[in-house]
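Peer 1: output the structure for:
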Amino acid sequence: MGGFTMADVALQLGIITGYLVLALGIGLLAYRLTERSAEDYYLASRTIGTVVLLFTTFATLLSAFTFFGGPNLASSAGPEWILVMGAMDGVIFAILWYVVGYKQWLVGRTQGYVTIGEMLGDRFDSRALRGLVAAISLFWLLEYVMLQQVGAGRALSGLTDGTIPYWAGATLLTVFMIVYVVLAGMRGVAWTDTLQGVVMLVLVWLAFAWIVVSAGGPGELTAALAETNPEFLSLGGGLYSPQYMISMAVAIAFGVAMFPQINQRFFVARSKRVLKRSLALWPLLVVLLFVPAFILGSWATGLGIEATENGNILPALLNAYTPTWFAALVIAGAMAAMMSSSDSMLLSGSSYLTRDLYRPFVEPDVSERREDFIARLTVVAFALIALALSLVTDLTLIELGATAFKGYAQLTLPVIVALYWRSTTAAGMLAGVSVSQAFYLLATFTDWVPATYWGWQAGLLGMGIGLVVTVGVSLVTPQRAGADATLYEGLNAD
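Peer 2: Numbers count the residues shown, from 1 in each chain. So this is what the prediction gives:
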């Protein structure tokens, strides 16, 4: 659908910019309350409650991948991805939240850790392991920050029928998130994430209801889909083989547990009760967001909606069936989702750079105030590097997101082994993490290693390789003299 007037574009841009300015205002308020210390900047002094923890995790994770990548996939292959993200990942990640998150929270509270690299480095007396985990995390994080910038650029371009170019949308999001994160820290990020999580849920359900009413009801929409793509209404087939579904569900759920912006939230809870309530409510929130988003993508196919020039189906569907102001409002919600992911990623990336690379390898005696300054500086640098790469990439949102998820998944099983098996050694961890990452990188970026095995994806096989290597090498290597095998033991919540 084309023919936008300048007034339409001005209205759309005004709504989106207004929402981003509102988020920035919350960040300025948080800045006034944030202490000039690394722990408060990164973790809000570990004082986050249930509602804020739940929604900051929710809004941080469910971003451009959900609003644009998901509907795009549903429009081309059917809505069954709901089973991967909505059902399987909602449950699997909730379990991991307790298995990894609760133990990590106990250790972090006792020892004062800010990053998982610090936690592992101390346990195994290994600066190399600390740096390796940080470097791997930052490598995959760069792709996921790019995902948000690419999503924002394509969303604004599609919404305005190309009047706002791709580069302008990506740059707009980047500028706002740089200013926001430099000022706000974890407290401001968590507050706006809560707002944005609620906004996301409300807007996606309003869009769902609006499309249902405008297109004649769910019966008409389902009938249209049955006529154009009857295979979308059956389970399995095509892309959605059992091997594909299980591989993606496991890799994404396990990858989420190691995403820096998610993993760091395992440190911030105020109490054990906060953690338990949050993980119990998590599957419900995931289903509430993914079901309407993916069904909208499938319905768009039945309605004959063609994706925008950048490949996004949701802006095209909204432009066809809702008023200009409402379409802009939904895209503003999507932009909010992308910013809520990006700000957390930049904050976590900054902590990994300063705590796990700069501090141990460059300036071990850095002061709190100097570290705080360096942290804010690295936010700017990381965001600008990601923006530069996002302006030249031709990868789809699904490709960007899935690649990063599976890269992080290679870390999860070795970390679980370290948390619960006292015989784990530094050599075992270094070998397990390095070998699984090398295998996955070769399978992803070269033709030397197959990407699938009898339908099973290499990311899932890499996880198994990492587990076997970690345990096997640990069985035949000694503990380092400075390692403390009791560091994760004997911990209890108040």
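
Peer 1: quick check, residue 26 in a strand?
Peer 2: No: Residue 26: not assigned to a strand; according to DSSP: H, G, I helix; E, B strand; the rest coil it is helix.

Peer 1: that one contacts residue 192, correct?
Peer 2: Yes: counting by C-beta atoms under 8 Å, residue 192 is a contact partner of residue 26 at 4.8 Å. Every residue, glycine included, has its C-beta placed from N, CA and C.

Peer 1: who has more neighbours, these two?
Peer 2: Using other C-beta atoms under 10 Å as the criterion, residue 26 and residue 192 rank with residue 192 on top: 29 against 20.

Peer 1: now that one: which helix or strand?
Peer 2: Using DSSP states H and E, the element containing residue 192 is helix 166-214.

Peer 1: now for the chain, the helix or strand with the poorest mean pLDDT.
Peer 2: The weakest-scoring helix or strand in the chain, judged by mean pLDDT, DSSP states H and E, is helix 64 (a mean of 61).

Peer 1: and the spatially most central residue of the chain, what does it touch?
Peer 2: Geometric centre of the chain, nearest residue: residue 61, 3.6 Å, by C-alpha atoms, centre = their mean. Taking C-beta atoms under 8 Å, 6 or more residues apart in numbering, we find residue 61 in contact with 256, 259, 261-262, 341.

Peer 1: okay, those residues in TSV with secondary structure and neighbour count next?
Peer 2: Output for these, formatted as TSV (DSSP: H, G, I helix; E, B strand; the rest coil; neighbours: other C-beta atoms under 10 Å):
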residue	secondary structure	neighbour count
256	helix	22
259	coil	26
261	helix	27
262	helix	23
341	helix	28
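
Peer 1: gap between the two ends of stretch 315-331?
Peer 2: From its first residue to its last, stretch 315-331 covers 7 Å (C-alpha to C-alpha, to the nearest Å).

Peer 1: and the contacts of that stretch?
Peer 2: Here stretch 315-331 makes contact (C-beta under 8 Å, 6+ apart) with 1, 4, 8, 11-13, 15-16, 71, 155-156, 158-159, 161, 203-204, 206-207, 210-211, 214-215, 296, 299-300, 303, 305-308, 314.

Peer 1: list the buried residues in that stretch.
Peer 2: 315-322, 324, 326-331 (16 or more other C-beta atoms under 10 Å).

Peer 1: cool, stretch 77-86 as well?
Peer 2: Neighbour counts over stretch 77-86 (16+ other C-beta under 10 Å) mark 77-86 as buried.

Peer 1: how many other residues sit next to residue 182?
Peer 2: Residue 182 sits with 20 neighbouring residues when counted by other C-beta under 10 Å.

Peer 1: what's it in contact with, if anything?
Peer 2: 376, 379-380.

Peer 1: among those, which ones are in helices?
Peer 2: Per DSSP state H, helices hold the following members of the contacts of residue 182: 376, 379-380.

Peer 1: residue 225 in helix, strand or coil?
Peer 2: helix.

Peer 1: residues near the spatially closest residue to it that is not a sequence neighbour, how many?
Peer 2: Nearest non-adjacent residue to residue 225, counting by C-beta to C-beta, 6 or more residues apart in numbering: residue 302, 3.3 Å away. Using other C-beta under 10 Å, residue 302 has 21 other residues around it.

Peer 1: which residues of the protein fall in strands?
Peer 2: Ranges of strands in the chain, per DSSP state E, are 452-453, 456-457.

Peer 1: and the last one, what does it pack onto?
Peer 2: For strand 456-457, the elements it packs on are helix 242-258, judged by 3 or more C-beta pairs under 8 Å, 6 or more residues apart in numbering; DSSP states H and E.

Peer 1: could you check how far residue 342 is from residue 135?
Peer 2: Distance of residue 342 to residue 135, given as C-beta to C-beta, to the nearest Å: 21 Å.

Peer 1: same question, residue 209
Peer 2: 46 Å.

Peer 1: so if I had to pick from those two, which one is more boxed in?
Peer 2: Between residue 209 and residue 135, residue 135 has the larger neighbour count (other C-beta under 10 Å), namely 15 against 11.

Peer 1: isn't that one up against residue 357?
Peer 2: Yes: assessed by C-beta under 8 Å, residue 135 is found in contact with residue 357 at 7.3 Å.

Peer 1: point out where the stretch 51-200 of the chain drops to low pLDDT.
Peer 2: Applying pLDDT under 70 to the stretch 51-200 of the chain flags the ranges 62-65, 86-87, 159, 180, 183-187.

Peer 1: same thing but at 80, please
Peer 2: Within the stretch 51-200 of the chain, the segments meeting pLDDT under 80 span 55-56, 58-70, 81-89, 143-145, 147-152, 154-164, 169, 172-173, 176-197, 200.

Peer 1: show me where pLDDT drops low in the stretch 251-400 of the chain?
Peer 2: Judged by pLDDT under 80, the stretches of the stretch 251-400 of the chain that qualify are 308-312, 327-344, 368-369, 371-372, 375-376, 392-400.

Peer 1: quick one, helices of it?
Peer 2: Secondary structure of the stretch 251-400 of the chain (DSSP state H, counting those that start in this stretch): helices at 260-263, 272-302, 314-321, 324-351, 359-361, 368-390, 397-420.

Peer 1: next up, the contacts around the closest residue to residue 115 other than its chain neighbours.
Peer 2: Of all residues not flanking residue 115 in the chain, residue 355 sits nearest, at 5.0 Å (C-beta to C-beta, 6+ apart). By C-beta under 8 Å, 6+ apart, the residues touching residue 355 are 38, 114-115, 117-118, 134, 371.
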